[in-house]
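S.K.: what follows is a protein structure lacking sequence information:
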């Protein structure tokens with residue numbers, strides 16, 4: 001699982017970042033997304049995000065191994081959805 005967050009001051013670019021991330025996973029809050037990516041997907045996603053973002057934007061990605069995903073804690077709408085396409 002990959003958790004991606006961004007901060008982008010431009011509305012149009014922020015919408016493009018959001019739509020790109022939504023095509024790979026689910027929004028869990030505002031500008032935070034949980035993504036289940038293959039290695040190839042990860043590379044393709046970052047290429048797309050780099051094309052959209054500018055120097056004033058902030059993009060962060062945190063990769064979690066399968067063991068770490070099992071230790072995710074949550075309160076509210078439920079645990080992350082395992083998409084069976086996770087590759088460590």
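M.R.: Received the coordinates, thanks. Note that the structure is predicted; figures quoted are calculated from it, not measured.

S.K.: all strands of this protein, in order?
M.R.: For the chain, strands defined by DSSP state E occupy the ranges 2-7, 25-29, 32-35, 58-63.

S.K.: can you lay out these as JSON lines showing mean neighbour count and distance to residue 77?
M.R.: Using the backbone N, CA and C atoms, a C-beta is placed for each residue, glycine as well. Shown next, in JSON lines, are those (neighbours: other CB atoms under 10 Å; distance: least, CB to CB, whole Å):
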{"stretch": "strand 2-7", "mean neighbour count": "18", "distance to residue 77": "15"}
{"stretch": "strand 25-29", "mean neighbour count": "14", "distance to residue 77": "8"}
{"stretch": "strand 32-35", "mean neighbour count": "20", "distance to residue 77": "11"}
{"stretch": "strand 58-63", "mean neighbour count": "13", "distance to residue 77": "20"}
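
S.K.: and residue 41, which of the ones you listed is closest to it?
M.R.: Closest to residue 41 of the strands of the chain, according to CB to CB: strand 32-35, at 8.0 Å.

S.K.: now do stretch 73-88, average pLDDT.
M.R.: In this model, stretch 73-88 carries a mean pLDDT of 59.

S.K.: likewise for stretch 49-58?
M.R.: 97.

S.K.: can I get the strands of the chain in CSV with distance to residue 49?
M.R.: Listed next are the strands of the chain as CSV, based on distance: least, CB to CB, whole Å:
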stretch, distance to residue 49
strand 2-7, 8
strand 25-29, 13
strand 32-35, 11
strand 58-63, 6
